[in-house]
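In: Have a look at this prediction, sequence included:
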Amino acid sequence: MKNSHSNWMRMGAVLGASALLLGTMAGCAADSGSGAPEDVDAALQEETTLTWWTWGDDTQEMADAFTKENPKIKIEVVKMDNPDAVVTKLQNAVKAGTGAPDLVPAEYQTIPQLTMGGALADMSEFGIDEFAGDFTESTWNAMNFQGKQTGIPMDSGPMVMIYNQELFNAAGITAAPTTWDEYAAASAAINAYDPEAYIANSGDAGFMTSMFWASGGTPFSVDGENVTIDLQDAGTKKFADYWGTLLTANQLSPVSTWSDEWSKALEQGKLGSLLMGSWMISGMDDYSHGNWRVAQIPSWDGKPASAQNGGSGLAVTEQSKHKAAAAAVLEFMATGTGRDIQNTKGFPGTTAIMDDPAWLDVEFATYDGQKANVEGKTASENVIDGWQYLPFQGYANNIFGDTVGKVLGEKGDINAGLVAWQSDLVEYGNAQGFTVNK
């Protein structure tokens, strides 16, 4: 399970997948034409072949279910290695003016760069907006960029705390920490109990940006081609100061998330907690003997406050010549059979299932029978509004290790790393044709 999550849920990206030449890509965007909701039903009566790129193992099942109900539509599923490969190939198709699929998955963090780059179509004209109420607000908004509804959410990742109850008990921690002060006390207790055990590792780009979000930070703002970056805004700096205190006190493990060392630390009880998206609730089987539990991530005042960490949606490309038929697939994946399939493949982003007793009452052996989905629901209801990703977020995450990541490894000043990261991002964004911090 851990390997399936390590590719698509991590928030990093390779340079080739993140480079965005705004002027070139937008200039190559295909004419989206016009459409209407009634065109969707009409498209299902015509012999049509759609192409659906994917990095997931379950897309063929979804495509087969759709074509079974709509026999005049054929779907060719093209499997790629990971999200980075999909983004790279899609951007190359936009530059070339041809070669894009009809349907494409997109991580929420890549929606701004792909939309601004002319890769994704606005599907509002086909009536997709009518499904807004079927999804949690944070996931639906993630698929909308500057008024363009590029598609529908597929899964979500509201952050939760998955913690080792056995280690907590041994260290004298009697309850899951609800505030960051309590979390710091738990960190010290764990390290005092076992100097080789830590409450968490220092984290990566995806973790850090999600924690800035959960702390009320808004370091990135996008208005058209105008971008503002402030990695010292109040919420961002507040968490950086806090995490830096644990770091310099040698209370954060140096192991990298998803590494073999990280897996070993989980299995051996050397990591006390994971602050991750709720998709990880079903991903702990390899590390647990019933000794883990799920709770809300700590907050400054003890009241639930969460952020998204990972997740992706299904979009339609500007180059697609069958947008109405592709819109029918979006509708299929929004409700009914398609959504039922999707909701078994990861943590859901739909509202109806959040009130479904059959889903809420699932007892997880990993958590000694805890109904852990309840915690995921609470997290989804408390995702803080107002977050924006950069239109070159993939690049930002890729170079995170050169600045903030380096500081984390050296147990240095996180804020100094953030300032250096910001400087690199401002320079890069301006070079790519954006107007950054001007």
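Out: Done, it's in.
In: Count the residues that sit near residue 363.
Out: With neighbours defined by other C-beta atoms under 10 Å, the count for residue 363 comes to 12. For the C-beta atoms, the positions are set from N, CA and C on the backbone; glycine is no exception.
In: My error: substitute residue 213 in the last question.
Out: Residue 213, neighbours per other C-beta under 10 Å, totals 28.
In: Pull out the buried positions in the helix or strand containing it.
Out: In this structure, residue 213 sits in helix 205-214 according to DSSP states H and E. Residues of helix 205-214 classed as buried: 205, 206, 207, 208, 209, 210, 211, 212, 213, 214 (neighbour count, 16 or more other C-beta atoms under 10 Å).
In: And that helix, how far out from the chain middle?
Out: Here helix 205-214 is found 11 Å from its chain centre; the criterion is C-alpha atoms, centre = their mean, to the nearest Å.
In: cool, stretch 405-425 as well?
Out: 22 Å.
In: how long is it end to end?
Out: 15 Å (C-alpha to C-alpha, to the nearest Å).
In: Name the nearest residue to residue 252, ignoring sequence neighbours.
Out: Closest residue in space to residue 252, ignoring its immediate chain neighbours: residue 202 at 4.5 Å, by C-beta to C-beta, 6 or more residues apart in numbering.
In: The one you found reaches residue 247, doesn't it?
Out: Yes: using C-beta atoms under 8 Å, residue 202 makes contact with residue 247 at a distance of 6.1 Å.
In: between these two, who's got more neighbours?
Out: A count of neighbours by other C-beta under 10 Å puts residue 202 above the other of residue 202 and residue 247, at 25 against 22.
In: Give me the distance between the more buried one and residue 308.
Out: 21 Å (C-beta to C-beta, to the nearest Å).
In: try residue 323
Out: Residue 323 is 27 Å from residue 308, by C-beta to C-beta.
In: Between these two, which has more neighbouring residues?
Out: residue 308 (29 against 26).
In: for the helix holding residue 213, packing partners?
Out: helix 234-248, strand 273-277, helix 393-399, helix 404-410 (3 or more C-beta pairs under 8 Å, 6 or more residues apart in numbering; DSSP states H and E).
In: would you list the ones you listed in JSON lines and tack on distance to residue 182?
Out: Output for these, formatted as JSON lines (distance: least, C-beta to C-beta, whole Å):
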{"stretch": "helix 234-248", "distance to residue 182": "12"}
{"stretch": "strand 273-277", "distance to residue 182": "12"}
{"stretch": "helix 393-399", "distance to residue 182": "30"}
{"stretch": "helix 404-410", "distance to residue 182": "23"}
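In: Mean confidence (pLDDT) on stretch 390-407, please.
Out: Across stretch 390-407, the average pLDDT comes to 95.
In: Figure out how far the lengthiest helix in the chain is from the centre of its chain.
Out: Longest helix in the chain, counting residues (DSSP state H): helix 414-431. Remark: helix 414-431 is offset 22 Å from the chain centroid, using C-alpha atoms, centre = their mean.
In: What separation is there between residue 315 and residue 150?
Out: Applying C-beta to C-beta to residue 315 and residue 150 gives a distance of 4 Å.
In: Ok, residue 102 next?
Out: For residue 102, the distance to residue 150 - C-beta to C-beta - is 13 Å.
In: same question, residue 67
Out: Using C-beta to C-beta, one gets 23 Å for the distance from residue 67 to residue 150.
In: same check, this time on residue 426
Out: 27 Å.
In: The two: which is more packed in?
Out: Between residue 426 and residue 150, counting by other C-beta under 10 Å, residue 150 is the more crowded of the two (27 against 17).
In: so what's that one up against?
Out: Neighbouring residues of residue 150 by C-beta atoms under 8 Å, 6 or more residues apart in numbering: 106, 111, 114-115, 120-123, 143-144, 313, 315-316.
In: Go again with 7 Å.
Out: Residue 150 makes contact with 111, 115, 120, 121, 122, 123, 143, 315, according to C-beta atoms under 7 Å, 6 or more residues apart in numbering.
In: Now do the first one: how many residues are near it, please.
Out: Burial measure for residue 111: 26 neighbouring residues, criterion other C-beta under 10 Å.
In: Please name the nearest non-neighbouring residue to it.
Out: Using C-beta to C-beta, 6+ apart, the nearest residue to residue 111 is residue 145, at 5.3 Å.
In: Check the contact between that neighbour and residue 113; I expect there is one.
Out: No: the criterion here is C-beta atoms under 7 Å, and residue 145 misses it with residue 113 at 9.3 Å.
In: Looking at the two, which is more packed in?
Out: residue 113 (29 against 21).
In: Can you report phi and psi for residue 379?
Out: phi -60, psi -40 (degrees, to the nearest 10).
In: same check, this time on residue 289
Out: Dihedral angles of residue 289 (phi, psi; degrees, to the nearest 10) stand at phi -120, psi 40.
In: Distance check, it against residue 274.
Out: Taken as C-beta to C-beta, the span from residue 289 to residue 274 is 16 Å.
In: Which one's more surrounded, those two?
Out: Legend: neighbour count by other C-beta under 10 Å for residue 289 and residue 274, higher for residue 274 (25 against 11).
In: contacting residues around the nearest residue to that one once chain neighbours are set aside?
Out: In space, and not counting its chain neighbours, residue 274 is closest to residue 162: 4.5 Å by C-beta to C-beta, 6+ apart. Residue 162 makes contacts with 273, 274, 276, 280, 284, 292, 294, as judged by C-beta under 7 Å, 6+ apart.
In: for the first one, what are its contacts?
Out: To tie it back to what came earlier, the one meant is residue 273. 161, 162, 163, 164, 199, 200.
In: If the closest residue to it other than its chain neighbours is in a bridge, with which residues?
Out: Leaving aside its sequence neighbours, residue 273 sits nearest to residue 163 (C-beta to C-beta, 6+ apart; 4.2 Å). As for beta bridges, residue 163 partners with residue 273, residue 293 under DSSP bridges.
In: Could I get the full set of strands for the stretch 101-250 of the chain?
Out: In the stretch 101-250 of the chain, the strands defined using DSSP state E, counting those that start in this stretch lie at 103-107, 144-145, 148-149, 151-153, 159-164, 200-201, 220-223, 226-229.
In: got these as a markdown table, with mean pLDDT columns?
Out: Output for the strands of the stretch 101-250 of the chain, formatted as a markdown table (pLDDT from 0 to 100):
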| stretch | mean pLDDT |
| --- | --- |
| strand 103-107 | 97 |
| strand 144-145 | 94 |
| strand 148-149 | 96 |
| strand 151-153 | 97 |
| strand 159-164 | 98 |
| strand 200-201 | 98 |
| strand 220-223 | 96 |
| strand 226-229 | 97 |
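In: quick one: which of those strands is nearest residue 391?
Out: strand 220-223 (5.9 Å; C-beta to C-beta).
In: Next, count neighbours for the nearest residue to residue 89 once chain neighbours are set aside.
Out: Of all residues not flanking residue 89 in the chain, residue 80 sits nearest, at 6.9 Å (C-beta to C-beta, 6+ apart). For residue 80, the count of nearby residues is 17 (other C-beta under 10 Å).
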